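[1] Have a look; sequence and predicted model below, questions after that.
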Amino acid sequence: MSQGLRTIKRFALLVAISLISTAGVASATVQAQAANALTIGMIDVQKIILTSAEGKSARATLEKEVKQKEKELTDLEKGLETMAQDIQGKAALMSPEARAAKQKEFQTKISALQQKKMQFNVEVKRKEQEATQKIARKVALVAEGIAKAKKIDLIFESNSAGLMYAKTSVDLTDEVLKLYDKAPAAAKAK
C-alpha cells in the first residue's frame, strides 16, 4: 500500500473513533440528564376546596350564616323605609325641633346599618379565607405524602401565577382530593 492510502485509512480510522467516542459521550450526557430530570406535579387547590367534603361543608355553613345575616339586614332596611315614610307623612305636623330630631335619629340608624353591612362583608371574607387556608394547609400535607411516594420533585398549584408551563407534569388534583376526603377527621384537624 502506498503511503498516501495508509494516511487516508489512518485519518478515516481516527475520524471513526472520534465519532464513536463523541456519540458515546453524548449518549452518556443524555442519559445523565434524563436521570436528573425533574418530575413536576400540579394540583388545582381551588377545585379541591370546591369539591372536597370539607370544602362543601364549610361553604354550606357560611352560606347559611350569610342568609341569616342578610335577612337581619333586610329587616333593618325595611324598618328604616317605614321610618322614612313615617317622617315624611308626619313632617307637616311636627315642630321643626321634632322633625330635626327624627331626621337625626334616621341618619344615625342609616349610618349604623351601613356600618353593619361593612362589618358583615369583612366577616364573610375573613371566614372564607380561614376555611380556604385551613383546607390548603391540609392539601399541602396530602400532596407532600404523594410526592414522596411517587418521587415527584416539585408540585405547583396550577392556578397560581408561579407556573406558566410545564412540559412533563403530573396533575395530582384528583388523587389529592380522593386521599384528602378519605383522611380521618383527626388528621384533618392538624
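    Thanks, I have it.
[2] Just to check, residue 155 is in contact with residue 175?
    No: between residue 155 and residue 175 there is no contact, the gap being 11.3 Å when judged by C-beta atoms under 8 Å. For every residue, glycine as well, the C-beta is placed using N, CA and C.
[3] who has more neighbours, the two?
    residue 155 (21 against 16; other C-beta atoms under 10 Å).
[4] I'd like to know how far that one sits from residue 60.
    29 Å (C-beta to C-beta, to the nearest Å).
[5] go on, residue 183?
    The value you get for residue 183 to residue 60, if C-beta to C-beta is used, is 20 Å.
[6] Ok, residue 67 next?
    In terms of C-beta to C-beta, residue 67 sits 11 Å off from residue 60.
[7] Looks to me like residue 170 is in a helix.
    No: Residue 170 is assigned strand when assessed by DSSP: H, G, I helix; E, B strand; the rest coil, not a helix.
[8] How about the contacts made by it?
    39-42, 150, 152 (C-beta atoms under 8 Å, 6 or more residues apart in numbering).
[9] can you tell me which of those residues are in helices?
    residue 150 (DSSP state H).
[10] Just the buried ones from the contacts of residue 170?
    40-42, 152 (16 or more other C-beta atoms under 10 Å).
[11] Between residue 183 and residue 60, tell me which one has more neighbours.
    residue 183 (16 against 10).
[12] what's the spacing between the residue lying closest to the more buried one once chain neighbours are set aside and residue 48?
    Using C-beta to C-beta, 6 or more residues apart in numbering and skipping the chain neighbours, the partner closest in space to residue 183 is residue 142 (6.9 Å). Distance, residue 142 to residue 48, using C-beta to C-beta: 9 Å.
[13] quick one on the thing from earlier: after the helix or strand encompassing the residue nearest to residue 183 comes which helix or strand?
    Here residue 142 sits within helix 96-150, counting by DSSP states H and E. Using DSSP H and E, the helix or strand that follows helix 96-150 towards the C-terminus is strand 154-157.
[14] roughly how far is that next one from the heart of the chain?
    12 Å (C-alpha atoms, centre = their mean, to the nearest Å).
[15] Where does the prediction get shaky in this structure?
    Low-confidence segments of the chain (pLDDT under 70): 1-7, 9, 11-36, 161-169, 184-190.
[16] neighbours of residue 173, just the number please.
    For residue 173, using other C-beta under 10 Å, the count is 20.
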